[in-house]
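>>> Show me how the following folds:
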Amino acid sequence: MGAGAVVGIVVAIVVVVFVLFVVGIYNGLVALRNRFKNAFAQIDVQLKRRYDLIPNLVETAKGYMSHERGTLEAVIQARNQAVSAEKQAAANPGNAQAMQGLLGAESLLGGAMSKLLVTVERYPDLKANQTMARLMEELTSTENKVSFARQAYNDAVMVYNTKREVFPNVMFAGMFGFEAATLFEIKDEAEREAPKVSF
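Below is the predicted model of the structure:
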């Protein structure tokens, strides 16, 4: 075997090893991206459940809170904006702009819901209503589930972002279209807790 053949074999082996290395990086990033998208799907389920509870809550409160129409309308408007933003984020959880839109809408909804809960406290008959009590209990349970799903999503995003940012993966991540994922963070301190319900 000549020197040229040996060099050719060595070059072929190096190329094959390099290709396998890049394929490994690509497949690892795909797996982690799919993991954070699945984690977002779990948030999506809980958000939809919450969005379905809110109109029932507002309808129950309407009969008792006739003088609080603005509060009730603000809740419904914020809920509708959050539903729209959630649909965009669910279509592509890796899209930072869609996630920022969802986070903003969720913040508005949280503020409107907090105002509603404070207002409910002023209506003893409403607080005593069994339907309202059940809805508030379901809403609190859903908020807890959303919190757990957010934590799982943020953990998956952190692992994905770390994997795409370490060397040598960072050299290939951008080339293959692996953009940084956005954490599901709540900026407003009041929103960091599930609603407190005292019936």
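>>> Could you identify the helix or strand that succeeds the helix ranked longest in the chain?
Using DSSP state H, we find that the single longest helix of the chain is helix 3-62. The element immediately downstream of helix 3-62 (helix or strand, assigned by DSSP states H and E) is helix 69-91.
>>> elements contacting the helix or strand following that next one?
Later in the chain than helix 69-91, the nearest helix or strand by DSSP H and E is helix 96-120. Packing partners of helix 96-120 (3 or more C-beta pairs under 8 Å, 6 or more residues apart in numbering; DSSP states H and E): helix 3-62, helix 69-91. The C-beta positions use only the backbone N, C-alpha and C, and glycine is treated the same way.
>>> could the ones you listed be laid out in TSV, adding distance to residue 160 and mean neighbour count?
Formatted as TSV, these follow (distance: least, C-beta to C-beta, whole Å; neighbours: other C-beta atoms under 10 Å):
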stretch	distance to residue 160	mean neighbour count
helix 3-62	4	15
helix 69-91	16	17
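>>> Redo those helices as JSON lines? Include mean pLDDT.
As requested, the helices and strands packed on helix 96-120 are exported to JSON lines (pLDDT from 0 to 100):
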{"stretch": "helix 3-62", "mean pLDDT": "92"}
{"stretch": "helix 69-91", "mean pLDDT": "91"}
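>>> For residue 131, find the nearest of those helices.
Ranking the helices and strands packed on helix 96-120 by proximity to residue 131 (C-beta to C-beta) places helix 3-62 first, at 5.2 Å.
>>> between the closest one and helix 96-120, how many degrees?
20 degrees (axes from the mean of the first three to the mean of the last three C-alpha atoms, to 10 degrees).
>>> what angle sits between helix 3-62 and helix 69-91?
Using the same axes, to 10 degrees: helix 3-62 against helix 69-91 is 160 degrees.
>>> Which strands and helices lie in contact with helix 3-62?
Helix 3-62 packs on helix 69-91, helix 96-120, helix 130-165, helix 169-173, going by 3+ C-beta pairs under 8 Å, 6+ apart.
>>> just how off-centre is the second one within its chain?
From the chain centre to the centre of helix 96-120 is a distance of 13 Å (C-alpha atoms, centre = their mean, to the nearest Å).
>>> Okay, buried residues for that helix please.
98-99, 101-103, 105-117, 119-120 (16 or more other C-beta atoms under 10 Å).
>>> For residue 142, see how far away the nearest residue to residue 131 once chain neighbours are set aside is.
Ranked by C-beta to C-beta, 6 or more residues apart in numbering and with sequence neighbours excluded, the top spatial neighbour of residue 131 is residue 60, at 5.2 Å. To residue 142, residue 60 is 16 Å away according to C-beta to C-beta, to the nearest Å.
>>> what's around the residue nearest to residue 53 when sequence neighbours are not counted, how many residues?
Distances taken as C-beta to C-beta, 6+ apart place residue 139 nearest to residue 53, at 5.3 Å, with adjacent residues excluded. Applying other C-beta atoms under 10 Å, we find 21 residues neighbouring residue 139.
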